[in-house]
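Chemist: the sequence and its predicted three-dimensional model are supplied below.
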Amino acid sequence: MLEQIPGPPDFTLDWEGLDAAYDWVRAMRDCPQDPVYHAEGDVWIHTRMVLRALLDLPAYRQATPEVQRELYLAALLHDVAKPISTQVLDDGRVSARGHSRKGCAMAREILWHAGAPPDLRERIAHMVAHHQLPMWCIERDRPERHVLLASLVCRLDRLSVLAEADMRGRTCVDQANVLEHIELFAALAEEERCATGPAEFPSEHARLTFCRKPEQHRSADPHFEPRCTLTLMCGLPASGKTHWVAEHRADRPVVSLDALRAARGVSHDDEQGGIVQAGKEQARVHLRAGTSFIWDATNLSKRHRAPLVQLGLDYGARVEIVHVESTPEGIRRRNRKRTDPVPQHAVRRMIRRWEPPTLSEAHQVHHVRTE
């Protein structure tokens, strides 16, 4: 897939190769869409039209090969989750609610297994998650907030190109109106000075507060004097988190959920609530004392990290997240060497909810790659 990026001079697409190589492509065939928004037909028909529209856009043809790769893969994957999200409602209408969010996770897993560079993979995954944003953003309350938040994970100028291809690659009655919305979205991103990179804030704490509090204004800079630093590790099992801590934060105490499991004889398949609560009690001891420390666990999703980040903030701690990732083979190799290997079915389940951290979650985010 990564080698099949269409480029000059003819920008041809290998439809048969895609269909033969990937089951997620075949799943798009015969997946229905609501004729009000997609009178052209099923998801694969739409995806092919989007790709053709993308390749005809001047913004694509004038882009560098690296940007072309990003846009092409985002367009190919933008509706990848529709087959698992689509329902035919009682009134006959077709709904694919949640396909953007689910598509983000699916795109990440597909690209990880394909060996895509992490930065490229995450940009594409977040473009899939936000591909509808330029279509509706301008009509929502405080559209600038949506723009600023999305800029922390997407290049908004490229997201606008993807959205335009998405609209031109379909048959619907409101195409012209939505294309105008996309133009206004692009203009708003330029106005907010975040079309080509993350929005800037007065400080890292101002950025984090803006992301966590909807009422916060971008220019506000709340006073913050951290008492200590909470380092929140995250990553798939056997990705190398504990080794990173030993090399880079060896002088700090560690709250390790693996150590708590081992001490209590709890396996990865058992209920984890008691382990997490025990870890939080250890964390509170460090926080009350103003001692910088490490929380070493998988913490794979934003939903699981958020309470720990809040715990740190409640005690006046600066929060940094260190995301450690490896290749599929690297994880399998390390997992086999563990005294208590994580079952493969559990690893596969974790991969599906794997969500690397973003700048919206902590004062600072580090991404570390291991082999």
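Modeler: Yep, it's here.

Chemist: low-confidence ranges in the stretch 1-150 of the chain?
Modeler: For the stretch 1-150 of the chain, the stretches with pLDDT under 70 are 1-3.

Chemist: now swap in the stretch 151-300 of the chain and tell me
Modeler: Using pLDDT under 70, the stretch 151-300 of the chain drops low at 268-271.

Chemist: mind listing the strands for it?
Modeler: 228-234, 254-256, 293-296 (DSSP state E, counting those that start in this stretch).

Chemist: now distance to residue 96 too, for these, in TSV please.
Modeler: (Glycine included, C-beta is placed from N, CA and C.) TSV is the format used below for the strands of the stretch 151-300 of the chain (distance: least, C-beta to C-beta, whole Å):
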stretch	distance to residue 96
strand 228-234	30
strand 254-256	41
strand 293-296	37
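
Chemist: which residue ranges form the helices in the stretch 1-150 of the chain?
Modeler: 15-21, 23-26, 43-56, 58-61, 65-77, 82-85, 99-113, 118-129, 133-136, 143-151 (DSSP state H, counting those that start in this stretch).

Chemist: and if you look at the stretch 151-300 of the chain?
Modeler: Under DSSP H, counting those that start in this stretch, the stretch 151-300 of the chain gives helices at 156-168, 175-191, 204-212, 241-248, 257-264, 273-289.

Chemist: now render these as CSV, adding distance to residue 318.
Modeler: CSV is the format used below for those (distance: least, C-beta to C-beta, whole Å):
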stretch, distance to residue 318
helix 156-168, 28
helix 175-191, 30
helix 204-212, 8
helix 241-248, 16
helix 257-264, 22
helix 273-289, 12
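
Chemist: which one of those helices lies closest to residue 368?
Modeler: Among these, the nearest to residue 368 by C-beta to C-beta is helix 241-248 (5.9 Å).

Chemist: mean neighbour count and distance to residue 210 added to the helices of the stretch 1-150 of the chain, as CSV?
Modeler: Shown next, in CSV, are the helices of the stretch 1-150 of the chain (neighbours: other C-beta atoms under 10 Å; distance: least, C-beta to C-beta, whole Å):
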stretch, mean neighbour count, distance to residue 210
helix 15-21, 13, 40
helix 23-26, 14, 36
helix 43-56, 20, 32
helix 58-61, 15, 30
helix 65-77, 22, 26
helix 82-85, 20, 30
helix 99-113, 20, 22
helix 118-129, 22, 18
helix 133-136, 22, 18
helix 143-151, 21, 7
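
Chemist: same list (those) but as a markdown table, adding distance to residue 312.
Modeler: Converted to a markdown table, the helices of the stretch 1-150 of the chain look like this (distance: least, C-beta to C-beta, whole Å):
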| stretch | distance to residue 312 |
| --- | --- |
| helix 15-21 | 45 |
| helix 23-26 | 38 |
| helix 43-56 | 42 |
| helix 58-61 | 42 |
| helix 65-77 | 34 |
| helix 82-85 | 35 |
| helix 99-113 | 26 |
| helix 118-129 | 24 |
| helix 133-136 | 30 |
| helix 143-151 | 21 |
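
Chemist: out of these, flag the one nearest residue 328.
Modeler: Comparing the helices of the stretch 1-150 of the chain by C-beta to C-beta, helix 99-113 comes nearest, at 6.1 Å.

Chemist: pull the closest one out as PDB, backbone CA atoms only.
Modeler: Output of helix 99-113 as PDB, limited to C-alpha atoms (Å, rounded to 0.1, in the frame of the first residue of the first chain):
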ATOM      1  CA  HIS A  99     -17.200   5.900  11.800                       C
ATOM      2  CA  SER A 100     -14.600   8.700  12.000                       C
ATOM      3  CA  ARG A 101     -13.600   7.900  15.500                       C
ATOM      4  CA  LYS A 102     -13.500   4.100  14.800                       C
ATOM      5  CA  GLY A 103     -11.700   4.800  11.500                       C
ATOM      6  CA  CYS A 104      -8.900   6.600  13.400                       C
ATOM      7  CA  ALA A 105      -8.200   3.500  15.400                       C
ATOM      8  CA  MET A 106      -8.400   1.200  12.300                       C
ATOM      9  CA  ALA A 107      -6.200   3.500  10.200                       C
ATOM     10  CA  ARG A 108      -3.600   3.500  13.000                       C
ATOM     11  CA  GLU A 109      -3.600  -0.300  13.300                       C
ATOM     12  CA  ILE A 110      -3.400  -0.800   9.500                       C
ATOM     13  CA  LEU A 111      -0.500   1.700   9.100                       C
ATOM     14  CA  TRP A 112       1.400   0.300  12.100                       C
ATOM     15  CA  HIS A 113       1.300  -3.200  10.700                       C
END
